[in-house]
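> just need the structure, nothing else, for what follows:
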Amino acid sequence: MGKPIYKITLLVVVSLIMSSAIALAHKVIVFAWVEQGRIHIEGSFGSDRPAKKCVINVTNPKGVLIHQGITDDHGLYSFSLPDDLDSDLIVGLNAGTGHSASWTISKNELVEKPNPENLEKKMAEKQLIEKDPSLARIAGGIAVIFGIAFVAARIKKRKRDVS
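This next block holds a predicted model:
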């Protein structure tokens, strides 16, 4: 009688592991920065998988299209700063089938002089975004799932013993 619960638990655990791996494989990231009068954009599906041939839409906060382009085979795209900037810019990357990401470049960043410290700060932000889940976090999640299944099985067994 107790074996079906273990089969169901195993099926649930395998399904969760597979669905999380698929979700991570399709996580799209966009990163943009201003340097030497140009806006540089990098798109990826994690640190080592460039978002190739993806549509880039640059809009203002009101949704007006300012610029459009396509990433290269390395997930990169750049263009000259538009004239008459009077607001933030929102860089959107569309990797198809609901996979999209955006990055906001503030108006101040667009007009201020290049500063290596600002670029280093932006690169640090990028590293935080791209950080893949650690093996310890994955193992911890699986342990929690097994713990819940164990507690559920114990509760079910106690109910049977009482009856």
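> you'd agree V12 is in a helix?
Yes. Membership of V12 in a helix is supported by DSSP: H, G, I helix; E, B strand; the rest coil.
> how about it, what does it touch?
I145, A149 (Cβ atoms under 8 Å, 6 or more residues apart in numbering). Glycine gets a C-beta too; all of them are placed from N, C-alpha and C.
> cool, and S80?
S80 sits next to G37, R38, I39 when contact means Cβ under 8 Å, 6+ apart.
> neighbour count and pLDDT added to those residues, as TSV?
Below are these laid out as TSV (neighbours: other Cβ atoms under 10 Å; pLDDT from 0 to 100):
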residue	neighbour count	pLDDT
G37	8	87
R38	12	91
I39	23	94
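> what's the closest of those to D161?
Using Cβ to Cβ, I39 comes nearest to D161 of the contacts of S80, at 67.4 Å.
> what lies in contact with the host helix or strand of that closest one?
For I39, the element it lies in under DSSP states H and E is strand 38-44. Residues from elsewhere that reach strand 38-44, judged by Cβ under 8 Å, 6+ apart: 28-34, 50-51, 54, 56, 58, 71, 75-81, 89, 91, 93, 95, 101, 103, 105, 126, 130.
> list the beta-bridge partners for the closest residue to G75 other than its chain neighbours.
Leaving out its chain neighbours, the residue that sits closest to G75 by Cβ to Cβ, 6 or more residues apart in numbering is P50, at 3.0 Å. On the basis of DSSP bridges, P50 is bridged to S44.
> relative to G37, how far out is D83?
Relative to G37, D83 is positioned 11 Å away (Cβ to Cβ, to the nearest Å).
> do the same with Q68
On the measure of Cβ to Cβ, Q68 and G37 end up 19 Å apart.
> from one end of stretch 82-91 to the other, what's the distance?
Using Cα to Cα, to the nearest Å, one end of stretch 82-91 lies 13 Å from the other.
> ok, and what's touching that stretch?
30, 32, 39, 41, 56-62, 66-67, 102-107, 110-111.
> average model confidence for that stretch?
Average pLDDT, stretch 82-91: 89.
> got the buried residues for that stretch?
L89, I90, V91 (16 or more other Cβ atoms under 10 Å).
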